[in-house]
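Asker: Could you work out the structure for the sequence below:
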Amino acid sequence: MTASPVITLWAVPRSRSTAFERMMVERKDLEVVHEPFSYLCASGEFIVDSVRAVSLTGLLDLLLAKAARRRMFIKETTDYSYEPLLSDPRLYRRMTNTFLIRRPEDVVASYYSLKPEMERDEVGFDRLYGIFRAVMAATGEPPVVVDADDLMRDPQAMVQAYCHRVGLGFMPEPLRWGPSDRPEWRLTQRWHRDVTASTGFVDYRHTYPVRPDNNTWLAEVASYHRPFYEEMYAFRLAAAQTPVDTA
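Answerer: Numbers count the residues shown, from 1 in each chain. Below you'll find the model as predicted:
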């Protein structure tokens, strides 16, 4: 795959995406940007190098300009809709769009534990699948999809496979890090407690009191999102797809 200025990881919320981002920070060879599009949708603006963006396409302008100086990794979640971006050809020509998924039942239980007033569409699988289909149509090939369970089961093999596909040299050292907060997480700190305390990819298995298996509405939410998850799961990245590569 030809290296593009920007690697974007699109993910549903509660899918281990912040841990993946934390690993990318540890590499120290990328400019890492935390959820710029969702922050703009939530607050009406996002600042890049002291310049204020108030639209999704305006923000894309600023991010691509910054990425021209240093290759960038963006972690983004699909709590919101980003329709204006899908009609911008730069999304496909100047970004390598990759995806992270997790079982809807696990996502829904985790999301509800933090936001009991959640709405069905905030879970984001339908939006994630829409971006996935748009990328496939524009590029003519399936984009990289990482399943969170695969990632937690064998972090080194899955990150190695991911790096191979997006044109990054694999580094084993960034798979471990020290517990730390990040300034870009502070506005949404309660969503990042596990990764703040972590030292690597740890498969936290919380037992949530309210789950799809004991709550009818959560079961309906998970059932709505499951077909989108399954469509993407069929394209998930396998560790065996890449040879050993530490270059």
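
Asker: Poorly predicted segments of the protein, please.
Answerer: Applying pLDDT under 70 to the chain flags the ranges 1-2, 180-199, 204, 240-247.

Asker: run the last query once more with 80
Answerer: The chain contains residues with pLDDT under 80 at 1-3, 178-200, 202-206, 239-247.

Asker: State which helix of it is the longest.
Answerer: Determined from DSSP state H, the single longest helix within the chain is helix 216-233.

Asker: helices or strands up against that helix?
Answerer: When contacts are defined as 3 or more CB pairs under 8 Å, 6 or more residues apart in numbering; DSSP states H and E, helix 216-233 packs onto strand 95-101, helix 104-114, helix 125-139, strand 145-147. All C-beta atoms are positioned from the backbone trio N, CA, C, and that covers glycine.

Asker: quick one: that helix to strand 95-101, angle?
Answerer: Angle of helix 216-233 versus strand 95-101, following axes from the mean of the first three to the mean of the last three CA atoms, to 10 degrees, is 130 degrees.

Asker: Next, the residues that contact helix 216-233 from outside, please.
Answerer: With contact meaning CB atoms under 8 Å, 6 or more residues apart in numbering, helix 216-233 is reached by 99, 101, 103-105, 107-109, 112, 120, 123-126, 128-129, 132, 145, 147, 210-213.

Asker: let's go with 7 Å and repeat that
Answerer: Outside helix 216-233, the residues that touch it by CB atoms under 7 Å, 6 or more residues apart in numbering are 99, 101, 104-105, 108-109, 112, 120, 123, 125-126, 128-129, 132, 145, 147, 210-212.

Asker: Save the helices and strands packed on helix 216-233 as CSV, and put in distance to residue 70 and mean neighbour count too.
Answerer: Compiled in CSV, these are given as follows (distance: least, CB to CB, whole Å; neighbours: other CB atoms under 10 Å):
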stretch, distance to residue 70, mean neighbour count
strand 95-101, 15, 24
helix 104-114, 32, 21
helix 125-139, 23, 19
strand 145-147, 24, 23
